[in-house]
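> Give me the fold of what follows.
(chains A and B)
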There are 2 protein chains.
Amino acid sequence: MADIGTLYGLGVGPGDPDLITLKAHGLLQRVPVIAYPAPETGDSLARAITAPHLPGHQEEIIIRTPMIAGAFPANDVYDHYAREIRVHLNAGRDVAVLCEGDPFLYGSFMYVFSRFVDAGRVVVVPGVSSLGACAAAAGSPLVSRNQVLTVLPATLDEDELEQRIDSSAAVAVMKVGRHAGKVRRVLERLQRADNAWYVEHATMGTEKVLPLNEFSDAKAPYFSMILVREHEGEVL
Amino acid sequence: MADIGTLYGLGVGPGDPDLITLKAHGLLQRVPVIAYPAPETGDSLARAITAPHLPGHQEEIIIRTPMIAGAFPANDVYDHYAREIRVHLNAGRDVAVLCEGDPFLYGSFMYVFSRFVDAGRVVVVPGVSSLGACAAAAGSPLVSRNQVLTVLPATLDEDELEQRIDSSAAVAVMKVGRHAGKVRRVLERLQRADNAWYVEHATMGTEKVLPLNEFSDAKAPYFSMILVREHEGEVL
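As a prediction, the model looks like this:
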């Protein structure tokens, strides 16, 4: 009987195919099976990021998950794909699950991971997270020295957003989507909008970066972030 | 007259040389000058991470900075090295400043960056941050879905640590050093020590990972982190 295969959680970075690691690149050359999340219809971002690096002839498992804002991918969807992955592992074939950014920082890999955590070899390869990528796109250090950094989903209610942003030197608000107006309102009330950036699709061809004051849309794509730095005047 | 050179802030990742990006690797093949921080005596971690990837014959600028706990590298030290870097840029030579982890997430690059922000071409290449690397080492997702993540320096006083940890689903406490006992005390008081990990030198040969309950030292190295997850019982 063949040894059981290894399940890799492969961070593929924020979007630019050149921002995957040498380690992830090496694994992509040799795993016989890749799996990746994709919307119900349309292309997978994780697959697109790795496309230039795939040698071809891998088996591919497309994990199609309904994207419902604020809701949760159905458990039975992941149960189904976990069974498919397990067939390969049991036959001794390694499987790499591609994950945008970093697998264990808000990564979609957790839905697969939770189904294999007690079931043999799982190796997680960290990747460049969108936090650093958005800060690089904005051209400004997000957080330094002994500052506190808070990462918040834009879905929080307005009072909680305000309280949490007010108590943190550096803030990244994720998944801005239809909450852009709310986040901007909070930052203006706290007089921190002057030190904030709006970033969408960081490191991709469609990257867009604006000082928050120049961003007036009420809606943003899912892969967007608002970064808030410490007030000006700090001495470096 | 030659065009002015480009200053690169190059994230080289958390420690494993294989966790640098293809982009950083490509730049290391062609820049004529690299610069990197190092302690007053001894080796540079950033230099060690890139060592297997350097083609040789680069000029090297060693930014030797006094490491004083809680204190701040002297401005005149960085002014001095900035002048040295500027000579190369003015002569048309690109300079890559190596930075552990990600340059704009607590990265040492900011001390150089602040001296060049208005002075021509600066390009920041994001890297794998120690946050994701420590979570991968701990073998557990740090933060997911719509949870709040707080990144805290261990230098905060005990009351503030307690209040901030208590209000966050996921927490990374950085620069544990001599504050290990304090952080552990806070987590025990909050009954969150059971869901916490101690990680030092993540992804390096000297990596050490322990459930916090099994870590009893009062002192840890500078490159160490304590990760705290949401309470058990969540449904994925």
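> any low-confidence regions in chain A?
The model of chain A has pLDDT under 70 over residues A:1-2, A:67-74, A:119, A:218, A:231-236.
> Now with 50, please.
A:70, A:233-236 (pLDDT under 50).
> how about the strands of it, start to end?
Secondary structure of chain A (DSSP state E): strands at A:7-11, A:33-38, A:59-64, A:95-99, A:122-125, A:149-153, A:170-174, A:196-200, A:208-211, A:224-228.
> tell me the angle the second one makes with strand A:7-11.
Per axes from the mean of the first three to the mean of the last three C-alpha atoms, to 10 degrees, the angle that strand A:33-38 makes with strand A:7-11 is 50 degrees.
> One more: the fourth one?
Following the same axes, to 10 degrees, one obtains 30 degrees for the angle between strand A:95-99 and strand A:7-11.
> again, but for the third one
Between strand A:59-64 and strand A:7-11, the angle formed by their directions is 70 degrees, by the same axes, to 10 degrees.
> out of the strands of chain A, nearest to residue B:148?
strand A:149-153 (5.7 Å; C-beta to C-beta). Every C-beta, even on glycine, is put in place using the N, C-alpha and C of the backbone.
> which other helices and strands contact that closest one?
helix A:158-166, strand A:170-174, strand B:149-153 (3 or more C-beta pairs under 8 Å, 6 or more residues apart in numbering or on different chains; DSSP states H and E).
> Residue A:177 and chain B, how far apart?
Applying C-beta to the nearest C-beta, to the nearest Å, the value for residue A:177 to chain B is 12 Å.
> quick check: angle from the lengthiest helix in chain A to strand A:59-64?
The longest helix of chain A (DSSP state H) is helix A:75-90. On the basis of the same axes, to 10 degrees, helix A:75-90 is oriented at 170 degrees to strand A:59-64.
> Contacts for stretch A:168-176, please.
A:106, A:130-131, A:134, A:142-143, A:147-155, A:161, A:164-165, A:183, A:198, A:200, A:220, A:222, A:224-230, B:146, B:150 (C-beta atoms under 8 Å, 6 or more residues apart in numbering or on different chains).
> which among those end up buried?
Neighbour-count burial (16 or more other C-beta atoms under 10 Å in any protein chain shown) is assigned, among the contacts of stretch A:168-176, to A:106, A:130-131, A:134, A:142-143, A:147-155, A:161, A:164-165, A:183, A:198, A:200, A:220, A:224-230, B:146, B:150.
> Distance check, the one residue sitting closest to the centre of chain A against chain B.
What sits nearest the mean C-alpha location of chain A, by C-alpha atoms, centre = their mean, is residue A:101, with 4.3 Å. According to C-beta to the nearest C-beta, residue A:101 and chain B sit 8 Å apart.
> partners of that residue in the sheet?
residue A:13 (DSSP bridges).
> unless I'm mixing things up, it is touching residue A:15, no?
No: the criterion here is C-beta atoms under 8 Å, and residue A:101 misses it with residue A:15 at 9.0 Å.
> Nearest spatial neighbour of residue A:162, chain-adjacent residues omitted?
Using C-beta to C-beta, 6 or more residues apart in numbering or on different chains and skipping residues adjacent in sequence, the residue nearest residue A:162 is residue A:186, 4.8 Å away.
> Measure how buried residue A:118 is and give me the count.
Neighbour count of residue A:118, defined by other C-beta atoms under 10 Å in any protein chain shown: 7.
> buried residues in stretch A:213-223?
Neighbour count says stretch A:213-223 has A:215, A:220, A:223 buried, by 16+ other C-beta under 10 Å.
> CA atoms of it as PDB?
Extracted C-alpha coordinates of stretch A:213-223, given in PDB (Å, rounded to 0.1, in the frame of the first residue of the first chain):
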ATOM      1  CA  ASN A 213     -10.300  61.500   0.900                       C
ATOM      2  CA  GLU A 214     -10.300  61.000  -2.900                       C
ATOM      3  CA  PHE A 215     -12.300  57.800  -2.800                       C
ATOM      4  CA  SER A 216     -16.000  58.600  -2.800                       C
ATOM      5  CA  ASP A 217     -17.700  55.400  -3.900                       C
ATOM      6  CA  ALA A 218     -20.100  53.800  -1.600                       C
ATOM      7  CA  LYS A 219     -19.200  50.400  -2.900                       C
ATOM      8  CA  ALA A 220     -15.900  48.600  -3.400                       C
ATOM      9  CA  PRO A 221     -14.900  45.100  -4.500                       C
ATOM     10  CA  TYR A 222     -14.500  42.300  -2.100                       C
ATOM     11  CA  PHE A 223     -10.700  42.400  -2.400                       C
END
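> Now find how far off-centre it is within its chain.
Remark: stretch A:213-223 is offset 18 Å from the chain centroid, using C-alpha atoms, centre = their mean, to the nearest Å.
> Next, the distance between the ends of stretch A:3-23.
End-to-end distance of stretch A:3-23 (C-alpha to C-alpha, to the nearest Å): 22 Å.
> domain assignment for chain A?
A:7-128, A:131-228 (automatic domain parsing).
> Using TSV, please lay out the ones you listed together with distance to residue B:191.
Output for the domains of chain A, formatted as TSV (distance: least, C-beta to C-beta, whole Å):
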stretch	distance to residue B:191
domain A:7-128	23
domain A:131-228	22
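> Contacts only, for residue A:217.
Per C-beta under 8 Å, 6+ apart, neighbours of residue A:217: residue A:180.
> ok so, going back, looking at the domains of chain A, which is closest to residue B:48?
Per C-beta to C-beta, nearest to residue B:48 of the domains of chain A: domain A:7-128, 15.7 Å.
> Now the terminal residues of that closest one, how far apart.
End to end - C-alpha to C-alpha - domain A:7-128 spans 20 Å.
> what's the answer for stretch A:142-154, then?
18 Å.
> One more: stretch A:34-52?
End-to-end distance (C-alpha to C-alpha), stretch A:34-52: 14 Å.
> And the contacts of that stretch?
A:12-13, A:15-17, A:20, A:24, A:28, A:54, A:58-67, A:81, A:84-85, A:95-100, A:108, A:112, A:223.
> related to what we said a few turns ago, make a markdown table from the strands of chain A and add distance to residue B:42 to it.
Output for the strands of chain A, formatted as a markdown table (distance: least, C-beta to C-beta, whole Å):
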| stretch | distance to residue B:42 |
| --- | --- |
| strand A:7-11 | 31 |
| strand A:33-38 | 42 |
| strand A:59-64 | 47 |
| strand A:95-99 | 36 |
| strand A:122-125 | 29 |
| strand A:149-153 | 29 |
| strand A:170-174 | 30 |
| strand A:196-200 | 37 |
| strand A:208-211 | 39 |
| strand A:224-228 | 34 |
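> Residue B:90: which of those is closest?
Closest among the strands of chain A, using C-beta to C-beta: strand A:208-211, at 27.9 Å.
> what helices or strands is the closest one leaning on?
Using 3+ C-beta pairs under 8 Å, 6+ apart, strand A:208-211 sits against strand A:196-200.
> Could you check the angle the strand it packs on makes with strand A:224-228?
Using the same axes, to 10 degrees: strand A:196-200 against strand A:224-228 is 160 degrees.
> Restricting to C-alpha, output strand A:196-200 in CSV.
In CSV, the C-alpha atoms belonging to strand A:196-200 read as follows (Å, rounded to 0.1, in the frame of the first residue of the first chain):
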residue,chain,number,x,y,z
ALA,A,196,-5.9,56.6,5.3
TRP,A,197,-5.7,54.9,2.0
TYR,A,198,-8.1,52.9,-0.1
VAL,A,199,-6.5,50.0,-1.9
GLU,A,200,-8.2,47.5,-4.2
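> Alright, that wraps it up for me.
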